Structure formats: structure tokens, C-alpha cells
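Peer 1: Turn this into a structure:
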Amino acid sequence: MRMRHIRLLAATGTAVTALALTACGTAGGTRDEGASRPTTPAASAEKAASGKAAAETSQAATGGRTGNGRPVARTHAPDARPSASPTARGTRTGTAGGSVVLCNGANTTVTAQPLARPLNHLLITVKNTGGKTCELPYYPVLRFDQMQWVPQADRDTQPQAVVSLAPGESGYAGVLLSSADGSGTGGMTARKLTVGFQGLTPNSSGGPSATPSLPAKGVYYDSSLKVTYWQQDLDAIAGW
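Peer 2: Predicted coordinates for the structure are as follows:
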């Protein structure tokens, strides 16, 4: 009877120990790897954000439409404005909104006429033979024969506005060939004249030059040689 009681106590102790170990394993955080994770508010928000990003990616790939073909409402996009084109250097906008056309040897006819009065003067006339209004900036750049220097302009003749010639109109410039009192030096007779045109900036090229005819006997010039600015009216240089 005593031995039977001892065995019962031993069996009972073994069962109690097993139950205690099971309880400790559960309380210590041991879990089955296959068990599902509990859902928390943070996890739910993360899952919703991931779903929204995937949906937006899908909408972008399908042209912004849902599976049933309805357009998707879009958020506002940055305002796309075209950038202003820079103005080209050395050009100017005319009254009609187009670029200025320069008068030169390609769209004008140029003549050079010796004058009886005043003495020792030459009149250069430029006529616009093109189909557009053209402009004559500054003054003509003259070259007699193979001369190596450029006659200077009389600044007192500079007009208030650039000379503008409509088709068929003419502009003018006067040339003092030699001094009337003989004070000039290095005089010679020239038989060829080249008239150069300036661009919208001083001393820049305005296009092809012109070679107006001179009298058969040529023209005499010396170091007094100078020229006026281009003029809209002949009267502006009549007494120069």
C-alpha cells in the first residue's frame, strides 16, 4: 500500500512539471512560425498605402483609366508654361513684328554722282529695289581703288533716327573728296569705288557691298576725304 502511494505521487509530480514547462514556454514568447501575425492599426495603414501606390502605378500604365474604362480623377500638376525665346543678338523687331532687313548691295541700286556745287563733292544714292522696307544704319564705308584706310564720318550729320527705305525709296550720303583750299595731302585719282554697308552694330557687316560706276576720268581725292551719315532726305546734306 505504501509503494502504490509513492508511485501515484511521482506520476502526479511528472504531470505537474510538464504543465509548468508548457506554461513557461507560452509566457516566454515562443510561437509557432506558421501562426498568423496579429493585425495592428499601423500595419493596416501600411498595407493601405502600398495598395494605393500600386493602383496609381497601374493607372499611369493604362493611360489614367480604371479597369472598367472610367477616367481616374487626377491631382493638380505643375503649371507648364513655355519659356520665352531669347532675342537673337544683333537683330531688332520692326513695327510689323518681323526682323529688320538691312539695305545692301543685294537689295538696292547704288549710284555715285560728282556735284558741281559744292565743289569736290560726291553724292551717293541708294535706292531700295527689294520687296521689303530696309534700313541704312550709320554711314557708308568707302574704299577708292586699293586704299588702305577708311574715311571717317562727320558726326555733325548723324540723324536722330535710322534711315528706313520703303520699296522704291532712296537714301543719300555726301562725300567730301578733297579740301577746297588745297590743305589736303596725298592726293590721287581713283577709278573704282566700293561702298560697304554696316550692320546694326558699328563696324559690323550689313551684307554685300556695291560698286557704283565713277566718271571715266575718275575722281580726285586727298587726305581730307570724309563722308556724311546716311540721310532720309537730300535736303539734309544739300549745304554740307
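Peer 1: which residues does the nearest residue to Lys217 once chain neighbours are set aside contact?
Peer 2: Sequence neighbours aside, Thr189 is the residue nearest to Lys217 in space, at 7.7 Å (criterion: C-beta to C-beta, 6 or more residues apart in numbering). All C-beta atoms are positioned from the backbone trio N, CA, C, and that covers glycine. By C-beta atoms under 8 Å, 6 or more residues apart in numbering, Thr189 lies in contact with Lys217, Gly218, Val219, Tyr220.
Peer 1: and which of the residues you listed is nearest Asp233?
Peer 2: Taking C-beta to C-beta as the measure, Asp233 sits nearest to Val219 out of the contacts of Thr189, at 24.3 Å.
Peer 1: count of neighbours near the closest one?
Peer 2: A total of 19 residues lie near Val219 under the criterion other C-beta atoms under 10 Å.
Peer 1: show me what contacts it?
Peer 2: So Val219 contacts Pro114, Leu122, Phe144, Leu177, Thr189, Ala190, Leu193 (C-beta under 8 Å, 6+ apart).
Peer 1: Helices of the chain, start to end?
Peer 2: 2-27, 41-61 (DSSP state H).
Peer 1: Of those helices, which shows the lowest average pLDDT?
Peer 2: Among these, helix 2-27 carries the lowest mean pLDDT, at a mean of 40.
Peer 1: In contact with the residue nearest to Leu165 when sequence neighbours are not counted: list those residues for me.
Peer 2: Nearest residue to Leu165 in three dimensions, chain neighbours excluded: Asn128, at 4.1 Å (C-beta to C-beta, 6+ apart). Residues in contact with Asn128 (C-beta under 8 Å, 6+ apart) are Cys103, Asn107, Thr108, Cys134, Leu165, Ala166, Pro167, Gly168, Glu169, Ser170.
Peer 1: which residues pair with Asn128 across the strands?
Peer 2: Asn128 forms beta bridges with Thr108, as assigned by DSSP bridges.
Peer 1: Same check on Tyr172?
Peer 2: Under the criterion used here (DSSP bridges), Tyr172 is bridged to Thr125, Gln231.
Peer 1: Would you confirm that it contacts Val227?
Peer 2: No. Under the criterion of C-beta atoms under 8 Å, Tyr172 makes no contact with Val227, lying 11.2 Å away.
Peer 1: residues contacting the residue nearest to Arg143 when sequence neighbours are not counted?
Peer 2: The shortest distance from Arg143 to any non-neighbouring residue, by C-beta to C-beta, 6+ apart, is to Thr194 (4.4 Å). Taking C-beta under 8 Å, 6+ apart, we find Thr194 in contact with Leu142, Arg143, Ser209, Ala210, Thr211.
Peer 1: For the fourth one, which residues are in contact?
Peer 2: For Ala210, the contacting residues are Asn104, Gly105, Thr108, Thr109, Val110, Val126, Thr194, Val195, Phe197, by C-beta under 8 Å, 6+ apart.
Peer 1: And the closest residue to the fourth one other than its chain neighbours, how far from Gly184?
Peer 2: Just to be clear, that refers to Thr109. What sits nearest to Thr109 in space, not counting adjacent residues and going by C-beta to C-beta, 6+ apart, is Lys127, at 5.0 Å. According to C-beta to C-beta, to the nearest Å, Lys127 stands 31 Å off from Gly184.
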